[in-house]
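Student: the following block contains a protein sequence and its predicted model.
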Amino acid sequence: MSRVSAFRALRPKPEAVARVASVPYDVVSTNEAKVLAHDNPLSALHISRAEIDLPADTDPYSSAVYEQAATNFALLKSSAPLIVEEQPSLYIYRLRMGTHEQIGVAGCYSLDDYDKNVIRKHEHTRREKEDDRTHHMLELRAQMGPVFLTYRASTTVDALVSTVVSTQPPLFDFMAPDQVQHTLWRTEASQSSSLVAAFEEVPTLYIADGHHRAASASRVRHHLRDTYSRDGKWDMFLAVAFPDAQVQILPYNRVVKDLGPHTRESFLTALHERGTVRDGNPAEPQAGEVSMYLGDRWYSVSLETSPSSTEPASRLDVSRLHNQILSPLLGIGNAGTDKRVDFIGGVRGLSELKRLVDSKTVAVAFAMHAVNIGDLLTVSDLGGIMPPKSTWFEPKLRDGLLFYLI
């Protein structure tokens, strides 16, 4: 069973929420965060990326950054202002981007479930990134950005969510600068209780996005347990759970800075010798192929299926691209750490890949077919790990709508 709990959220007043809400800390660089938060002292980026308010040469992992985050958090509490709910609640969080809509349940989910793999993972975390958010949470004594969870859809949960949305006015409703509509409803006590009971019938939750936030919350939990020798609010973490049928995965495209041992001509020759490349249009690729932009032309590249592949992750297009082209032809080692490779979220479109090659920023670009949510769940169920940067979930949750005080 899966456990979710209502909580007394710290949140902005509705009239300030659009200014407080910010993109997740890990989808922007320091410079991008500084631009987004410019002339907006209420932006949650002043807390999640507090280095933007310190000298440009400040180490983003220094103690000064976490101290600045705590200072900025205190300022936001008074200036937004942020208020603490009188009663514990769950929240219904709807995202709309164009014609796409997804509705999830925001609340506090169990770190026992996380540690026991009832909440399943699909990627490795990096220690330095865990350290960063662990220090951040401990300094703030709060979690400010929700983890994005998914689960195999439940008709019971769907019906309860639909009732809240259709019978109550929203607490928050605003359009973000990226044209994503964010709407939040606060549930009544009886509705929260019904949702808690409904989630107990959901056997498994899956982390879609936010592995480092969840891992850091688990580390904070153990640190505070050791400090206070008891359980506490730190036994849970802030998250929003969406049914799998509603989540949207966009491609996570690849660009490579150089062709390694190849010229453009010899690289094309090597692909032709494999019988896998043909002239193509800049169309979204189908499963089993990638669209490649090289020089000033688009090509369609077929990916072979290895009959010996038994691991679900190895059959994904991102794995096949790496194993058949990036590694043997371009000399790319670990795609997650090799500095010659970069990853471009599909929301930026094929035009961004073309621009990067045309400007000679990179040598070649590969547009991927999006991973299916079913593949991700299967890999997670088997205890597997998805290839690096293989899923781009869109739209993104916003930081700063709900804070969980620990």
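Tutor: On my side now, so go ahead.
Student: against Tyr109, how distant is Asp53?
Tutor: 31 Å (Cβ to Cβ, to the nearest Å). From N, CA and C alone the C-beta is placed, and that goes for glycine too.
Student: now Asp173, nearest residue through space, not along the chain?
Tutor: Nearest-residue entry for Asp173: Thr183, 4.6 Å, with adjacent residues in sequence omitted and distances by Cβ to Cβ, 6 or more residues apart in numbering.
Student: please apply the same query to Ser300.
Tutor: Per Cβ to Cβ, 6+ apart, closest to Ser300 is Gly280, 3.4 Å.
Student: that neighbour touches Tyr293, doesn't it?
Tutor: No. Using Cβ atoms under 8 Å, Gly280 makes no contact with Tyr293, being 9.9 Å away.
Student: what residues are shared contacts of the two?
Tutor: Residues touching both Gly280 and Tyr293 (Cβ atoms under 8 Å, 6 or more residues apart in numbering): Tyr299.
Student: quick one, which of the two is more surrounded?
Tutor: Legend: neighbour count by other Cβ atoms under 10 Å for Gly280 and Tyr293, higher for Tyr293 (24 against 16).
Student: phi, psi of that one?
Tutor: Backbone geometry at Tyr293, expressed as degrees, to the nearest 10, gives phi -110, psi 120.
Student: ok, it - contacts?
Tutor: By Cβ under 8 Å, 6+ apart, Tyr293 lies in contact with Pro282, Tyr299, Leu350, Leu353, Lys354, Val357, Val364, Ala365, Ala367.
Student: same check, this time on Ala189
Tutor: Contacts of Ala189 (Cβ under 8 Å, 6+ apart): Ala6, Gln87, Ser89.
Student: and the residues you listed, which of them are buried?
Tutor: Buried subset of the contacts of Ala189 (neighbour count, 16 or more other Cβ atoms under 10 Å): Ala6, Ser89.
Student: picking up where we left off before, among the contacts of Tyr293, which lie within strands?
Tutor: Using DSSP state E, the subset of these located in strands is Tyr299, Val364, Ala365, Ala367.
Student: distance of the residue nearest to Asp173 from His46?
Tutor: Thr183 sits 24 Å away from His46, going by Cβ to Cβ.
Student: repeat for Phe267
Tutor: Relative to His46, and taking Cβ to Cβ, Phe267 is found at 46 Å.
Student: circling back to that earlier point, and of the contacts of Tyr293, the nearest to Phe148?
Tutor: Nearest to Phe148, judged by Cβ to Cβ, of the contacts of Tyr293 is Ala367 at 23.9 Å.
Student: got the contact list for Ala325?
Tutor: Not quite, residue 325 is Ile, not Ala. For Ile325, the contact set (Cβ under 8 Å, 6+ apart) comprises Leu271, Val301, Phe366.
Student: which residues does whichever strand or helix holds Asp226 contact?
Tutor: Assigned by DSSP states H and E, Asp226 belongs to helix 211-228. Contacts with helix 211-228, where a contact means Cβ under 8 Å, 6+ apart, come from 26, 111, 114-115, 119, 121-123, 125-126, 129-130, 132-134, 136-138, 143, 145-147, 207, 231-232, 234-235, 237-239, 406.
Student: one more time with 7 Å, if that's ok
Tutor: The contact list for helix 211-228, computed with Cβ atoms under 7 Å, 6 or more residues apart in numbering, reads 111, 114-115, 121, 123, 125, 129-130, 133-134, 137-138, 143, 145, 147, 207, 232, 234-235, 237.
Student: I'd assumed Pro388 was in contact with Ala335.
Tutor: Yes. In terms of Cβ atoms under 7 Å, Ala335 counts as a neighbour of Pro388; the distance is 5.0 Å.
Student: who has more neighbours, the two?
Tutor: Taking other Cβ under 10 Å, Ala335 and Pro388 do not tie; Ala335 has more neighbours (21 against 17).
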